[in-house]
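Asks: All I have is the shape, not the residue letters:
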Ligand SMILES: CCCCCCCC/C=C\CCCCCCCC(=O)SCCNC(=O)CCNC(=O)[C@H](O)C(C)(C)COP(=O)(O)OP(=O)(O)OC[C@H]1O[C@@H](n2cnc3c(N)ncnc32)[C@H](O)[C@@H]1OP(=O)(O)O
């Protein structure tokens, strides 16, 4: 057994990286519940920090002080870095938001072909004029649809394409509703669709294709 230098995954000597097996292994929480709670609370705090920072007007001294504090935190984490399978960030599959701050937290139930959830974007995700950045909306759709598939009983797959339509400005700081569904399955291909609403207004919708990974496919 050796370790893939890039991903940190354990591989049989000479064996190629297996994407399906790696995704299946990631469906289990990466640590005990107490660590999961502490880690989730930490990522929610980070999310709040990013939102406040993105909306704050600070002076030169404040910016320099923050930089120094962030540099200290970074250096405390150096040396604790691990490979992808051991990573905690975003891998708390038993918790809403999964312990990440890349996109807003949401929760969908296990084992269903369609799901609705609520989600709130903060100022970290503003593009301009208090509208959510289009890339952040696409990222939410990619994650939500990928996660819906990962939680279904279908084998692991990966996004082949995702098309997003921006129908109306998506507001920041208010609760939005997302609806995601697996529309049909054709061999290894899974077609999915999603919609993001603010009340009765459709802010954005998306459709995409996920392709099931073949055994042994990276
Ligand atoms: C999903 C992960 C779940 C993880 C769970 C872990 C724990 C929790 C953590 C987190 C979960 C949250 C969720 C995360 C969400 C993020 C997801 C991403 O960001 S994924 C990264 C971005 N996507 C890529 O990097 C793909 C790169 N592309 C590929 O790897 C390949 O192109 C792949 C697998 C998509 C397809 O390649 P082939 O070789 O397997 O298949 P071929 O033969 O090309 O296509 C099969 C069929 O699909 C059609 N097809 C393929 N690509 C197409 C396209 N772009 N448009 C239209 N058709 C396409 C083909 O025409 C073919 O159709 P015919 O069988 O002939 O009918």
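Replies: Okay, I see it. Since the model is a prediction, treat every value here as computed from it, not as a measurement. Numbering: from 1, shown residues only.
Asks: hey, let's count contacts and neighbours off CA atoms from now on
Replies: OK.
Asks: The chain - how does it break down into domains?
Replies: 1-102, 107-218 (automatic domain parsing).
Asks: nearest to the ligand, of those domains?
Replies: domain 107-218 (3.8 Å; CA to the nearest ligand atom).
Asks: tell me the centre residue of this protein?
Replies: residue 143 (5.0 Å; CA atoms, centre = their mean).
Asks: what's the pLDDT at that residue?
Replies: Looking at residue 143, its pLDDT is 97.
Asks: Equivalent analysis for residue 55, please.
Replies: pLDDT, residue 55: 96.
Asks: so who does it touch?
Replies: Shown in contact with residue 55 (CA atoms under 8 Å, 6 or more residues apart in numbering): 123, 124.
Asks: Give me the distance between it and residue 171.
Replies: In this view, residue 55 and residue 171 are 15 Å apart by CA to CA, to the nearest Å.
Asks: pLDDT weak spots in the protein?
Replies: Residue ranges of the chain with pLDDT under 70: 1-15.
Asks: most distant residue from the middle of it?
Replies: Extreme point of the chain relative to centroid (CA atoms, centre = their mean) is residue 61; 33.8 Å.
Asks: Which helix or strand contains residue 121?
Replies: For residue 121, there is no enclosing helix or strand under DSSP states H and E.
Asks: need the residues of this structure near the ligand, please.
Replies: Proximity of the chain to the ligand (CA under 6 Å from any ligand atom) is limited to residues 23, 26-27, 90-91, 93, 142-143, 146-147, 150, 157-161, 189, 211, 213.
Asks: Pick the most deeply packed of the domains of the chain.
Replies: domain 107-218 (a mean of 18; mean count of other CA atoms under 10 Å).
Asks: Distance from that domain to the middle of the chain?
Replies: Averaging C-alpha positions (CA atoms, centre = their mean, to the nearest Å) puts domain 107-218 10 Å from its chain's average.
Asks: gap between the two ends of that domain?
Replies: In terms of CA to CA, the two terminal residues of domain 107-218 are separated by 28 Å.
Asks: And for stretch 112-125?
Replies: 29 Å.
Asks: okay, how far is it across stretch 198-218, tip to tip?
Replies: 38 Å.
Asks: about what we covered before: what helix or strand is the residue nearest to the centre of the chain located in?
Replies: Going by DSSP H and E, residue 143 is in helix 134-151.
Asks: Which elements pack onto that helix?
Replies: Helix 134-151 is packed against strand 157-166, strand 176-186, strand 189-198, strand 201-212, with contacts defined by 3 or more CA pairs under 8 Å, 6 or more residues apart in numbering; DSSP states H and E.
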